[in-house]
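Trainee: structure for this input, please:
(chains A and B)
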Amino acid sequence: DAKTTQPPSMDCAEGRAANLPCNHSTISGNEYVYWYRQIHSQGPQYIIHGLKNNETNEMASLIITEDRKSSTLILPHATLRDTAVYYCIVRVGQGAQKLVFGQGTRLTINP
Amino acid sequence: GAVVSQHPSWVICKSGTSVKIECRSLDFQATTMFWYRQFPKQSLMLMATSNEGSKATYEQGVEKDKFLINHASLTLSTLTVTSAHPEDSSFYICSGRALAGLGETQYFGPGTRLLVL
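Mentor: Residues are numbered from 1 along each chain as shown, chains lettered A, B, ... in the order given. So this is what the prediction gives:
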């Protein structure tokens, strides 16, 4: 699975959009981009995933560049409850493929 | 999203005893379940992958005789930490891979915090 690079930490003001970048320059054509987050002392929570098209759900939007070498997770109106570690993971979408967690980005939402 | 539960949520045990942790997929069938371990201020580390009805596949460096995994049904997997020692104290998290309809997504349990005295 391709390696990802994320900034170790970010801050965002409550109510503003939080944009979390992720670089995955060695991603293969059949690898998806997954985003999870982990709130302190809890299990990871699935947020969104995509292959090449931008995706949106009730939690977030995922913007993938045309060359697929990077992506951005957007939380449109961040709240204090969005404070967590966010993990960007790339892996083959089909089959029982394991998720390999990096260090993620620690996002702090400030009042 | 799909729901995965773990029991117990936390456990304290004496050194040398064995501890069993249950992982259940509540509203979907999980053909594959994964067990992770997380130490303080570190990321999740995969311990093993288990498929229903077959033996688990362990990651390098994880002792299969110490961490016994049983995946007897499509909704239940158990992790038994045998002869636990203080260095086994950690946060153990399981995840289940949904069969179909939910895509190839893993859903995680809330975790079990183990403290070995």
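
Trainee: name the SS class of A:Leu99, please.
Mentor: Here A:Leu99 is coil, with the state taken from DSSP: H, G, I helix; E, B strand; the rest coil.

Trainee: relative to B:Ser95, how far out is it?
Mentor: Distance of A:Leu99 to B:Ser95, computed by C-beta to C-beta, to the nearest Å: 8 Å. Glycine gets a C-beta too; all of them are placed from N, C-alpha and C.

Trainee: okay, and the common contacts of these two?
Mentor: The contact sets of A:Leu99 and B:Ser95 overlap at B:34, B:106 (C-beta atoms under 8 Å, 6 or more residues apart in numbering or on different chains).

Trainee: which of these two has more neighbours?
Mentor: Using other C-beta atoms under 10 Å in any protein chain shown, the more surrounded residue of A:Leu99 and B:Ser95 is B:Ser95, with 28 against 21.

Trainee: ok, that one touching B:Phe108?
Mentor: Yes: under the criterion of C-beta atoms under 8 Å, B:Ser95 makes contact with B:Phe108 at 4.5 Å.

Trainee: now do the shared contacts for these two.
Mentor: By C-beta under 8 Å, 6+ apart, B:Ser95 and B:Phe108 have these common neighbours: A:43-44, B:4.

Trainee: of those residues - the most surrounded one?
Mentor: A:Pro44 (28 neighbours).

Trainee: what's the pLDDT at that residue?
Mentor: With respect to pLDDT, A:Pro44 scores 95.

Trainee: which residues does it contact?
Mentor: Going by C-beta under 8 Å, 6+ apart, A:Pro44 touches A:36-38, A:87, A:101, B:44, B:93, B:95, B:108.

Trainee: what's the answer for B:Val62, then?
Mentor: B:47-48.

Trainee: so which residue is smack in the middle of chain A?
Mentor: Centroid check for chain A by C-alpha atoms, centre = their mean gives A:Trp35 as the closest residue, at 3.5 Å.

Trainee: residue contacts, that one?
Mentor: So A:Trp35 contacts A:20, A:22, A:47-49, A:60, A:62, A:73, A:86-89 (C-beta under 8 Å, 6+ apart).

Trainee: so which of the residues you listed comes closest to B:Leu117?
Mentor: Among the contacts of A:Trp35, A:Tyr87 lies closest to B:Leu117 (C-beta to C-beta), at 31.6 Å.

Trainee: give me phi/psi at that closest one?
Mentor: Main-chain torsions, A:Tyr87, degrees, to the nearest 10: phi -110, psi 130.
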